[in-house]
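Asks: take a look and give me a structure for this.
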Amino acid sequence: MNTAIDLVLLKSPLLAPTTTLPADRHPAHVYIARLGSGSRRTMTEALNTIAALVTTGKTNLETFPWPALRYQHTAAIRAALMERYKPSTANKVLAALRGVLKECWRLGYVTAEDYHRAADVPTIKAQTLPRGRALASGEIAALMGVCGRDTSPAGIRDAALIAVLYGAGLRRSESVGLDLPDYNQETGELVIRGAKGRKDRLGYATNGSADALKDWLVVRGSDPGPLFCNINKSGRITIHRMTDQAVLCILRKRANEAGVASFSPHDLRRSFISDLLDAGADISTAQQLAGHSNVSTTARYDRRGEATKRKAAELLHVPYLRRSQQPVIASRH
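Replies: Residues are numbered from 1 along each chain as shown. This is a model prediction of the structure:
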């Protein structure tokens, strides 16, 4: 941390640790409570990051004096985040900071003027390469292949799970949140409830995805409960909801078996959007299927631009011959 930020943040007596407020009067808790379940952990970590940064680890979101923050503090926090984190991470932390500042105003701890000044810190702009990667069709086929060769219930379930993550573009939290009635076998509709931003939407499992789900439901049975459920070490299906972490472990295992390079669950969603656009779907439809609030978010998942740039680069010919292709010139003695 540079000297200027150190003086503003660490020498201010206003930012000393404070006693814990009741949960219904604590600005950080009130802010986190109004978030969707998928965002609470992320923003809790963001607020703890701010508290530790400002007080060199002496406080956390519980004991940090959020109402004492003024513009000079938030500007210094932004500068410190710029030095330490990637723009996407820093902007996420700043979003959490603005959210808590608004609750400080709503709870009557600060004036509207102090709130607006403190929250008036701009996002950090930067042009970075797209995160993650889109899987090639051969990689998807390889993953399905290893699942198909595993005739146990786990193999059938994992194939259906991958089919839904890629074929319907679901987030992993959305896939494990599905209940049996949320899937309509006749229409292929998947009812995704309480997704990011607490929004419901419809997804669709078609062709291969529908076939994979059909096979899984034969094995799973019709007991009420989650669509995707746990399978114990003996291969017995237990109607208990899977966790997000379980999905990650399954994909890592199947990628290793298939010889597919490392990828994240979200990369299957990226592949869904990119392949959908490549197949001719308009971006507005892709946005609705993905459940994005803004079409610009959907556009960031589009990898077609990179393929176009690569094809353009291939128009140029570099006149280089591999050593093995170069003519042999007899040495002179």
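Asks: okay, and residue 173 sits in which element?
Replies: Counting by DSSP states H and E, the element that carries residue 173 is helix 172-177.
Asks: please name every helix or strand in contact with that helix.
Replies: helix 153-167, strand 189-195, helix 244-258 (3 or more CB pairs under 8 Å, 6 or more residues apart in numbering; DSSP states H and E). Quick note: C-beta positions are derived from backbone N, CA and C, even for glycine.
Asks: mind putting those into a markdown table with mean pLDDT?
Replies: Listed next are the helices and strands packed on helix 172-177 as a markdown table, based on pLDDT from 0 to 100:
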| stretch | mean pLDDT |
| --- | --- |
| helix 153-167 | 94 |
| strand 189-195 | 85 |
| helix 244-258 | 95 |
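Asks: these: which one's closest to residue 22?
Replies: Evaluated over the helices and strands packed on helix 172-177, closeness to residue 22 peaks at strand 189-195, with 27.2 Å, by CB to CB.
Asks: can you tell me what sits against the closest one?
Replies: Strand 189-195 is contacted by residues 36-37, 164, 168, 170-171, 174, 177-178, 181-184, 200-205, 291 when judged by CB atoms under 8 Å, 6 or more residues apart in numbering.
Asks: among those residues, which ones are buried?
Replies: 164, 168, 170-171, 174, 177-178, 182-183, 202-203, 205, 291 (16 or more other CB atoms under 10 Å).
Asks: closest to residue 258 among the residues you listed?
Replies: Closest approach between the buried ones among the contacts of strand 189-195 and residue 258, by CB to CB: residue 164, at 17.8 Å.
Asks: give me every residue that touches the closest one.
Replies: With contacts defined as CB under 8 Å, 6+ apart, residue 164 is in contact with 170, 175, 178, 190, 205, 209, 212-213.
Asks: do that again at 6 Å, thanks
Replies: Neighbouring residues of residue 164 by CB atoms under 6 Å, 6 or more residues apart in numbering: 170, 175.
Asks: what's the answer for the one 3 residues further on, then?
Replies: Residues in contact with residue 167, defined by CB under 6 Å, 6+ apart, are residue 209.
Asks: what do you get if the cut-off is 10 Å, keeping everything else the same?
Replies: Residues counted as contacts of residue 167 (CB atoms under 10 Å, 6 or more residues apart in numbering) are 140, 160, 188, 190, 203-210, 212-213, 268, 271-272, 275.
Asks: residue 115 contacts residue 101, doesn't it?
Replies: Yes - shown here, residue 115 and residue 101 form a contact pair, counting by CB atoms under 10 Å, at 5.7 Å.
Asks: ok, the two, which is more surrounded?
Replies: Legend: neighbour count by other CB atoms under 10 Å for residue 115 and residue 101, higher for residue 101 (26 against 20).
Asks: how about residue 66, what does it touch?
Replies: Contacts for residue 66 (CB under 10 Å, 6+ apart) come out as 15, 18, 21, 26-28, 31, 47, 50-51, 97, 100-101, 103-104, 107, 109-110, 118.
Asks: now do 7 Å
Replies: By CB atoms under 7 Å, 6 or more residues apart in numbering, the contact list for residue 66 reads 27-28, 100, 104.
Asks: of the residues you listed, which belong to helices?
Replies: Those of the contacts of residue 66 mapping onto helices are 27-28, 100, 104, per DSSP state H.
Asks: nearest residue to the middle of the protein?
Replies: The centroid of the chain falls nearest to residue 266 when counting by CA atoms, centre = their mean (6.1 Å).
Asks: show the contacting residues for it.
Replies: residue 132.
Asks: quick one on the thing from earlier: tell me the one among the buried ones among the contacts of strand 189-195 nearest to residue 56.
Replies: For the buried ones among the contacts of strand 189-195, the nearest to residue 56 is residue 171 (35.6 Å; CB to CB).
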